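**Q** got a sequence here, can you build the structure:
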Amino acid sequence: MGGSVPSAQLAGRAPLPQPRDGDTCAPVVVIGASVAGLIAAQRLAEARIPVQLFERTEPPGVRARTLIVTPELNRALGFSAEAATVNKVHTLQLHGRHRSVAISLREPDLIVERSALISMLAARAERSGVQLAYGHEFAGLQSDGDAASVLVRRRGGDGAQHVPARAVLAADGVRSHVARTLGAPALPAVTVLQARVELPRNADPGVGKVWFLPGDTPYFYWLCPESDRTAALGIVDVKPRQARAKLDRFLSTQGYSPIEYQSALIPLYAPNARLTRRIGRTDVLFVGDAAGQVKVTTVGGTVTGVRGAHAAARAIARSTNYAWESRAVNRELRLHWYIRNLMNRFRDTEYDVLLQVFAGRVGRLLEIHNRDRLERVFWSMLAIQPRLPLLAAHVLWRMR
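**A** Have a look, this model is predicted:
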């Protein structure tokens, strides 16, 4: 897992075209020092395209929160995220109401501290030549004929600075201010609430757990060990006002006491969401959470957000279509979207059937191919286990 990943092995990371010496142009303006925003900014700067990135918070500015991600993160980044990795999970235990199954992962999942990852990416972006301005908030867009300017202001200041933009990259999260300014509809979203808890002394810190309890939430509860002493135990729910009470009840039934709580609002992928808008003749591209580039089966968007950032950087540098450049990640996201629409209708008995299927040959495929590679094995899963399409047909028939 350690070390750099050779660039030749990276899907979607072909070298960007290099501007000729002496070329001058307005910068690409990036709004938001998110993972996706920093990756896109770095890629553009590596292509010798001037980039100015504005982040409303002051460093460190990012709330601590651990994430579980697949090893695809290192391949998508092009280097190891070891410095931000606090633990690794070799086994995922999946629990339904009456059945459980353990998936042994050939490549361990990574438990990553989000604040450390963003700090690492910010340092790399600045070394690549990105001009990163903290404490500056987006204030609007202004068309000047063919060109466009981004208005930013120092937090707490009065006047706004006009920054001419070759292109604008909105990486400012689920409730993107850029999107609201352009009249884009808000993305659907779910609440993620997790509590840090102490692990029992005999607990294996390499084992993560997921509980499917549709009577509580159409999504799931999960436990991700952060070390041999602590873990994050959380819930994904569509009802934010009820999430705390549900999580506290679940903590009690599992024998855990919360040390502290961490929460986030996570966008959901929407197949028809527009990833590009225009102001004058200037393109505004959305990436990461601002674009809803999140796998809705697991509500994970780190890897897909990085892939979307690479696609946006290619589209800007090559003057190509962003939808075309992001077609691979969109296919993956759309598949997860179809599966989630089905899973949201599952009952306890249907989760029990699913976990029984995972105990066989399908589970062995999942041991080898992680959830960020689902498109590669999906049809193979259906071919080797006809109970999966039958289960889907049963759920759809019941919902008629």
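**Q** where do the strands sit along the stretch 251-400 of the chain?
**A** Using DSSP state E, counting those that start in this stretch, the strands found in the stretch 251-400 of the chain span residues 258-267, 276-279, 282-286.
**Q** skipping adjacent residues, who's closest to residue 308 in space?
**A** Closest residue in space to residue 308, ignoring its immediate chain neighbours: residue 293 at 4.2 Å, by Cβ to Cβ, 6 or more residues apart in numbering. (C-beta placed from N, C-alpha, C; glycine too.)
**Q** distance check, residue 119 against residue 83.
**A** 9 Å (Cβ to Cβ, to the nearest Å).
**Q** ignore what I typed, I meant residue 351.
**A** For residue 351 relative to residue 83 (Cβ to Cβ), the value is 37 Å.
**Q** these two: who's more crowded?
**A** A direct count of neighbours by other Cβ atoms under 10 Å for residue 351 and residue 83 places residue 351 higher, at 22 against 12.
**Q** let me know the pLDDT of the more buried one.
**A** Note for residue 351: predicted pLDDT of 97.
**Q** so who does it touch?
**A** Shown in contact with residue 351 (Cβ atoms under 8 Å, 6 or more residues apart in numbering): 96-97, 99, 212, 214.
**Q** could you rerun that using 6 Å?
**A** By Cβ atoms under 6 Å, 6 or more residues apart in numbering, the residues touching residue 351 are 96, 212.
**Q** any stretches of this protein with poor pLDDT?
**A** For the chain, the stretches with pLDDT under 70 are 1-24, 60-62.
**Q** residue closest to the middle of it?
**A** The centroid of the chain falls nearest to residue 301 when counting by Cα atoms, centre = their mean (1.3 Å).
**Q** identify the residues contacting that residue.
**A** 293-294.
**Q** quick one: it from residue 81, how far?
**A** 15 Å.
**Q** what of residue 118?
**A** 11 Å.
**Q** for residue 282, same thing?
**A** Separation of residue 282 from residue 81 (Cβ to Cβ) stands at 33 Å.
**Q** cool, residue 343 as well?
**A** With Cβ to Cβ as the criterion, residue 343 and residue 81 are 29 Å apart.
**Q** and if you look at residue 195?
**A** For residue 195, the distance to residue 81 equals 24 Å [Cβ to Cβ].
**Q** can you list the buried residues in stretch 137-150?
**A** For stretch 137-150, the neighbour count (16 or more other Cβ atoms under 10 Å) marks 137-139, 141-142, 148-150 as buried.
**Q** now stretch 276-290
**A** Buried-residue list, stretch 276-290, by 16+ other Cβ under 10 Å: 276-277, 279, 282-290.
**Q** one step back: now intersect the buried residues of stretch 137-150 with the strands, please.
**A** Secondary structure defined by DSSP state E assigns 137-139, 141-142, 148-150 of the buried residues of stretch 137-150 to strands.
**Q** and which of these is nearest residue 366?
**A** Checking these against residue 366 with Cβ to Cβ, the nearest one is residue 138 at 40.8 Å.
**Q** packing partners for the longest strand seen in the chain?
**A** Looking across the chain with DSSP E, the single longest strand is strand 100-113. Packing contacts for strand 100-113, counted by 3 or more Cβ pairs under 6 Å, 6 or more residues apart in numbering; DSSP states H and E, involve strand 66-69, strand 85-95, helix 361-368.
**Q** closest to residue 169 out of the ones you listed?
**A** Nearest to residue 169 among those is strand 66-69; the distance by Cβ to Cβ comes to 22.1 Å.
**Q** residue 88 pairs with what?
**A** residue 110 (DSSP bridges).
**Q** thanks a lot, catch you later.
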